[in-house]
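Novice: 3D, please:
(2 chains)
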Amino acid sequence: MRAAAAARPITLGPSIGRSTAVLGGGALLLVAVALVSVAVGTTGVGAADAGAIVLHRLLGIGSPTWPAASETIIWELRLPRVVGGMLVGAGLACAGTVFQALLRNPMADPYVIGTAAGASLGAVAALLVPGLLPIVGVGWLGLGVVQVFAFVGGVVAVTVVFAVARGQGGTPVVTLLLAGYAISSLLSAGVALLMFVSGDRLAAVVMWLLGSLGGASWPRLAFAAPLIVGSFVLILLRWRRLNALLLGEEQAGHLGVDVEREKRILTGLAALATSAGVAISGTIGFVGLVVPHLLRFAFGPDHRLLLPASMVYGAALLVLADLGARVAGGIPVGIVTALLGAPFFLWLLRRSLGPRLAP
Amino acid sequence: MGTPRRTPTLARVTLLLIAVLVSACTASSTPSSPSQSSATGSVTLTDDAGREVTLAGPAQRIVSLAPSNTEIVCALDACDRLVGVTDFDNFPTEVVDLPKVVVQTQVDLERLVAAEPDLVLAAGNELTPSSVIERIEDLGVPVLVLYPESLDEVYTDIELVGDAIDRRAEANELVDGLRVRVAAVEDAVAGVSAPLTLYEVFHAEGTTYTAGEGSFLASLLALAGAEPVTGDAEGVMGAEELAAADPELILLGTASYDSALADPAAALDAVRARPGWGELTAVRDGNVVPYLADIVTTRPGPRIVDGLEALARAIHPDRFD
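Specialist: Predicted coordinates:
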């Protein structure tokens, strides 16, 4: 950490005007992307009908002049998908921001300490173990067994990683990363083994692992939304402590932060948001890694701005990527995020000297 | 399942795997016994997943989520009632231009809803994911799951679709015709010595996928006068197991999709170059047959009997002069 950086008063964030511009711009972008996404699909239900249907269902304005199928397409298919994209994108970007700060590692993403591998193993087991399939659809809070297992798998994996990495003097970041890597490898081997014996269910497994918002429905969203939004609010309330942690654990301790406690709480919250998102959509890569970096490039590292910005821009990015995925013939959105995100990120990387993590 | 069209590798491999393993599973097929309600015209059917499905009346707008389902509907002379099919559908030719509601094995729910079907014919055993089936039902469209694992179950499914679209008489007629043709094949190969036969559905990196133990394809091979090399229930065989099984005849179903294997001499050279294959009896004796009828042999619709006939001809050409 450079002395000059440490000397900079970290509670003094970006000006109100700048924050308003960043977040307002993001919100406008999100609204625009969402409107286009609801109006565009693989069938010819267009903007006029889409707008009328949404207004009709939300506010009771107007009377149906459209075919019943159009209403189903907009209200039961496109809209949940757009809202699901917002939730998952926001959750992943926010969790990525937290993990990058907490672990002080630019390669950290929401999946780094086991959520993705745990959720994948849970979901794949639910897809493949025959005894579980019959209860799919019976539902638990309106969810299928696959979603429940994915969520539980993600949370359990992080808990195990944390328990393994925890020593007498706390939980060193390096140990946490290594334990996460090892547990992820172990769980991934389990996923690979199940895939090998999956027989004709392999297609279903591959689709889940590639990540898709095609399964987003109102009941699934009703489960994930409170977890993601709730986690976000609690994370946002800790922005000062995240800023302090960027300076290093010792410095953060000197600033009065209970480092070990914050690590536990923030990891738990970020893992909750990630697992809830993964339960909706499968493992969508890249959003949680790239969005925080992009925003740091653009707006600096202050979490008071970075956290809400990551929510808004992460949501917009994933909704946009999903629009592309749908229009391109239903390819899994995880492919689109990596295909478009990686070159853009590389271009940004070349333009600057490297990702800025600390102030 | 399968098509000569180029598809991305992942989807292609997945589909090939599905093709191999389609028949290896355990979903039970229940004979349909429709209960008609004369008051409302509604009909209640039991599908291959054991689900009871009630239709308000004979289906007029049908979406098919599997090529075999499409072929059943068309064989009952109801092609004109189809309003949506998959991008793998290629038979009969009039379905090629229908709206595609399954793209790259993924159901596009938006297009499905836009087609305004009153009946969806899904594929069983997760070929149509159960989550998608639930979703379609939640959207208010009845779904019949078809998953035949034997010739008898193909007949049952034809009758089931016949009941669903009020074409039961045509279904009975079609099934009777198929039974006659199957009996003719059985007659033709009666009393032959059955060669130990490997049917190659897919091959990669030393692993061969063939007709699994107890699978539909294995039963067709047996009917066609062969003793199938099966491997496990999934039909997966390593090079060592294959050497131990030592087939006398190899049918390359893969030749249906790989033009490099379509020529018999080239195919023989290609398989001889695989590790361990040069020592197989079938390869030493030159009994390696590029089998070009894989699509009808692995697609469980009415043309499955075409597949059976093609198998019998490939295995016992002398019986079909």
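Novice: Residue 49: helix or strand, and which one exactly?
Specialist: Because you didn't say which chain, this covers chain A. Using DSSP states H and E, residue A:49 sits in helix A:47-59.
Novice: switch to chain B, that's the one I care about
Specialist: With DSSP H and E as criterion, residue B:49 is part of no helix or strand.
Novice: Okay, it and chain A: tell me how far apart.
Specialist: As defined by C-beta to the nearest C-beta, to the nearest Å, residue B:49 lies at a distance of 10 Å from chain A. Any C-beta I mention is one placed from the backbone N, CA and C, and that applies to glycine too.
Novice: just residue B:319 next, same as before
Specialist: 33 Å.
Novice: That residue looks like it's in a helix, true?
Specialist: Yes. Secondary structure assignment places residue B:319 in a helix (DSSP: H, G, I helix; E, B strand; the rest coil).
Novice: my read: it touches residue B:189, true?
Specialist: Yes. In terms of C-beta atoms under 8 Å, residue B:319 counts as a neighbour of residue B:189; the distance is 6.0 Å.
Novice: Now for the residue nearest to residue A:171 when sequence neighbours are not counted: which residues touch it?
Specialist: Using C-beta to C-beta, 6 or more residues apart in numbering or on different chains and skipping residues adjacent in sequence, the residue nearest residue A:171 is residue A:165, 5.1 Å away. Neighbouring residues of residue A:165 by C-beta atoms under 8 Å, 6 or more residues apart in numbering or on different chains: A:171-172, A:175-176, A:178-180.
Novice: quick one: average pLDDT of the helix holding residue A:49?
Specialist: For helix A:47-59, mean pLDDT is 87.
Novice: How about stretch B:233-243?
Specialist: Per-residue scores along stretch B:233-243 average to 85.
Novice: With stretch B:77-94 instead?
Specialist: 95.
Novice: Check whether that stretch comes near chain A.
Specialist: No. Stretch B:77-94 is not in contact with chain A by C-beta under 8 Å from any C-beta of the partner chain; minimum separation 8.9 Å.
Novice: Neighbour count: residue B:319 and residue B:189, which is higher?
Specialist: Legend: neighbour count by other C-beta atoms under 10 Å in any protein chain shown for residue B:319 and residue B:189, higher for residue B:189 (19 against 16).
Novice: where in the chain is pLDDT low?
Specialist: If you meant another chain, say so; for now it's chain A. Where chain A drops to pLDDT under 70, the residues are A:1-14, A:130-143, A:200, A:352-359.
Novice: actually chain B
Specialist: B:1-40.
Novice: sorry, back to before: which neighbours do residue B:319 and residue B:189 share?
Specialist: B:225, B:312.
Novice: Include secondary structure when you put the contacts of residue A:165 into TSV, please.
Specialist: Formatted as TSV, the contacts of residue A:165 follow (three-state DSSP):
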residue	secondary structure
A:171	coil
A:172	coil
A:175	helix
A:176	helix
A:178	helix
A:179	helix
A:180	helix
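Novice: roughly how far is the helix holding residue A:49 from the heart of the chain?
Specialist: Centroid separation for helix A:47-59 versus its chain: 28 Å, with C-alpha atoms, centre = their mean, to the nearest Å.
Novice: check whether the next helix or strand after that helix contacts chain B.
Specialist: For helix A:47-59, the following helix or strand on the C-terminal side (DSSP H and E) is helix A:68-72. Yes. Using C-beta under 8 Å from any C-beta, helix A:68-72 reaches chain B at A:69-70, A:72.
Novice: Spell out, range by range, the helices that occur in the stretch 1-150 of chain B.
Specialist: Taking DSSP state H, counting those that start in this stretch, the helices of the stretch 1-150 of chain B run over residues B:9-21, B:67-75, B:109-114, B:130-138.
Novice: Summarise which helices and strands the helix holding residue A:49 is packed against.
Specialist: Other elements packing on helix A:47-59 under the criterion 3 or more C-beta pairs under 8 Å, 6 or more residues apart in numbering or on different chains; DSSP states H and E are helix A:16-39, helix A:68-72.
Novice: sorry, back to before: between the contacts of residue A:165, which is nearest residue B:114?
Specialist: Ranked by distance to residue B:114 (C-beta to C-beta), the contacts of residue A:165 are led by residue A:180 at 44.3 Å.
Novice: Please work out how many residues are found near the closest residue to that closest one other than its chain neighbours.
Specialist: Excluding the flanking residues, the one nearest residue A:180 by C-beta to C-beta, 6+ apart is residue A:113, at 3.4 Å. Using other C-beta under 10 Å, residue A:113 has 31 other residues around it.
Novice: Now do the contacts for residue A:113.
Specialist: A:99, A:157-158, A:161-162, A:176-177, A:179-180, A:183-184, A:267, A:271.
Novice: Helix, strand, or coil at it?
Specialist: Put simply, residue A:113 is coil when judged by three-state DSSP.
Novice: Can you pull the phi and psi angles for it?
Specialist: Reported as degrees, to the nearest 10, the phi and psi values for residue A:113 are phi -110, psi 40.
Novice: returning to that earlier point: please convert the helices and strands packed on helix A:47-59 to a markdown table, extending it with distance to residue B:252.
Specialist: Shown next, in a markdown table, are the helices and strands packed on helix A:47-59 (distance: least, C-beta to C-beta, whole Å):
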| stretch | distance to residue B:252 |
| --- | --- |
| helix A:16-39 | 46 |
| helix A:68-72 | 45 |
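Novice: Out of these, which is closest to residue A:257?
Specialist: Distance to residue A:257, taken as C-beta to C-beta, is lowest for helix A:16-39 among the helices and strands packed on helix A:47-59, at 23.2 Å.
Novice: Right, I'll leave it there.
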